[in-house]
Each structure stands twice: as structure tokens, then as C-alpha cells.
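Novice: model the following, please.
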Amino acid sequence: MSDLEPLQLQQLLDRRERLLLEYEDLEGTQIENDLERINDMVYAVMQNCDELYEQFSWWDEFEGYEGTTAEERKDFDQEYSRLFHNCVTAIYSLINHTQRFVNKYGDESFQNTYSSTIMDYELSERAHFLTQLRHYTQKRTLPPLRRFSHSPGGDEDDIYRVIVQKEDLLEWDGWNATAQEYITGLDDRIDVTEQILDYREAVADFYDWFDEYARDKFKTDLELSNKMYNDIMNYDPRLRSSDW
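Specialist: Next up, the predicted model:
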């Protein structure tokens, strides 16, 4: 048992609580928390894209609309809808949260470097298209899944691809100017699968850069926050007793 008197214990706990509140108010703490959220969202984008286009074996097991029951077709369509929306929504959330981070903490130099690096990774136009594709699918329709034969390594196989006609997309007037210009420059037959997988690969590299750049940019704030956190965790050995 602790040898602290009740009043002493309460005073220590009260002071530690005040220190915790001060720690939470530090800009470095808020930056760390926001960077962790962004990393979580990057993970969500990676996992949702993989689940939709690389790992879900039920696509290969689906026998097509002619060889299945109405209930099986309904289950297939609902699962595809769920996975597709998870993917584009994760992309939308990641971009929005990153932009809020840059606007909240970044000075002009940070914002300029962020914008130019996005261009280097060719993320900007595709990001506009994919984030607004979320709105398109909510207000218009879900792009259809279509099966194609291909021959990876010389062995013919069937794969599913999300294909949409450019003219169908451009009938919707909800695109912003950047997304509309990007769509206009694509082929008449747009492979959304390729768009998302290419974006996924670029996101992995970009956010490795972004996390390292932000942590270097805000190094002093993060070090101050980390020091205060360690001080709180080591505040008083008696408060770490297994009895408390």
C-alpha cells in the first residue's frame, strides 16, 4: 500500500491532473495527435483499397448473374457497394484531414512545400476526381463491376475491374473544375480500379514524406510535448504503485 496520507495523495493527483491538462493544451501534443490520426487514415486507405481490389477472393468465386440466385446476386452487389464506398470514403477523409492539418499548423513555407510535393507525386488531379467520386456515387450511381480476361505470367485468368464511361461521368454537373478537367483528359472508357490503385501507391510514398517533413518542421514543439509527457509519467514513483 502507498505510504501517502489521503490529503497528500489527493494533492499529488490534483497536480498531476493539472499537468495533464497543460500537456493536452500544448501545440506539440495536438500536432502529434493529428499526425497519428492521419497515419490511421493512411492505413485505412491502404487496407480498403487492398480489400476491394487485391484480397477479396469472393469476386473470383462469384459465378456471374446467370449462374446465381437473386439472393446471391443481391449479396454480391451489397458487398461490392460496401467495399467501394469504404475505399472512396477513406480517401476523402484522408485528404480532408490532411488539408485541415496544413491549414491549422502550416506557415506559408509549409503550405507551399506541401502543395508542390503533391504535384511531384501527381496526386492533385486524381485526388479531386476520387474524392468527388464519393459524391457522384451517392447522388448518381455506383460504377459497375465488369469481368475481364487477362494473362499474368502467361496464364489466362479472369479479373474484376470497375469501369465507367467518361460521358456518363460528365453528365453530372457536381464536379469541380479540377476534377472535370481531369476526367475530360481521360480515355472514353475509364478504369476506376487503375485510378485508385495508382493513387494508393502514390499515397504510401507521399505520406512517408509528409510525416517526416511535418515532424522535422515542428520538431521543437514535439520535443517539448514529449518531454512533458515523460515528466508526467515519471511524476512520482508512489503514484505508479500497483495498489493505485
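Novice: now for this protein, the helix or strand with the poorest mean pLDDT.
Specialist: strand 145-150 (a mean of 58; mean pLDDT, DSSP states H and E).
Novice: which stretches of the chain have low pLDDT?
Specialist: Within the chain, the stretches with pLDDT under 70 are 1-4, 8-9, 12, 54-66, 145-160, 235-244.
Novice: spatially central residue in it, please.
Specialist: Geometric centre of the chain, nearest residue: residue 41, 3.2 Å, by CA atoms, centre = their mean.
Novice: for the helix or strand harbouring residue 116, give me every contacting residue.
Specialist: Applying DSSP states H and E as the criterion places residue 116 in helix 108-120. For helix 108-120, contacts defined as CB atoms under 8 Å, 6 or more residues apart in numbering pick out 102, 103, 106, 124, 127, 206, 209, 210, 213, 217. Heads up, the C-betas are built off the backbone N, CA and C, glycines and all.
Novice: give me the buried positions along it.
Specialist: By neighbour count, with 16 or more other CB atoms under 10 Å as the criterion, the buried positions of helix 108-120 are 110, 113, 114, 118.
Novice: chain center to that helix, what's the gap?
Specialist: 19 Å (CA atoms, centre = their mean, to the nearest Å).
Novice: quick revisit: which residues are in contact with the residue nearest to the centre of the chain?
Specialist: 90, 93, 94, 97.
Novice: coming back round to it: of the contacts of helix 108-120, closest to residue 10?
Specialist: Each of these was checked against residue 10 using CB to CB; the closest is residue 217, at 40.8 Å.
Novice: run the angle between the longest helix along the chain and helix 108-120 for me.
Specialist: As assigned by DSSP state H, the longest helix anywhere in the chain is helix 70-105. Angle of helix 70-105 versus helix 108-120, following axes from the mean of the first three to the mean of the last three CA atoms, to 10 degrees, is 150 degrees.
Novice: same for helix 70-105, what does it pack against?
Specialist: Packing partners of helix 70-105 (3 or more CB pairs under 8 Å, 6 or more residues apart in numbering; DSSP states H and E): helix 27-50, helix 108-120, helix 124-139, helix 192-217.
Novice: counting by contacts, list what the longest one packs against.
Specialist: It refers to helix 192-217. So helix 192-217, by 3+ CB pairs under 8 Å, 6+ apart, packs with helix 27-50, helix 70-105, helix 108-120, helix 124-139, strand 157-165.
Novice: right, and the ones you listed - which one's nearest residue 198?
Specialist: Set against residue 198 and scored by CB to CB, the helices and strands packed on helix 192-217 come closest in helix 124-139, at 7.2 Å.
Novice: in that closest one, what counts as buried?
Specialist: 125, 126, 127, 128, 129, 130, 131, 132, 133, 134, 136, 137.
Novice: make JSON lines out of the buried residues of helix 108-120 and add distance to residue 161.
Specialist: As requested, those are arranged in JSON lines below (distance: CB to CB, whole Å):
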{"residue": "110", "distance to residue 161": "38"}
{"residue": "113", "distance to residue 161": "36"}
{"residue": "114", "distance to residue 161": "32"}
{"residue": "118", "distance to residue 161": "27"}
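Novice: re earlier: which of the contacts of helix 108-120 are buried, as a ChimeraX select command?
Specialist: Buried residues within these, by 16+ other CB under 10 Å, are selected in ChimeraX with:
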select :102,106,127,206,210,217
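Novice: format the contacts of helix 108-120 as CSV; extra columns: distance to residue 225.
Specialist: Formatted as CSV, the contacts of helix 108-120 follow (distance: CB to CB, whole Å):
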residue, distance to residue 225
102, 19
103, 21
106, 18
124, 32
127, 30
206, 25
209, 22
210, 19
213, 18
217, 14
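Novice: and the contacts of helix 108-120, which is closest to residue 23?
Specialist: Residue 23 lies nearest to residue 217 out of those, by CB to CB, at 20.8 Å.
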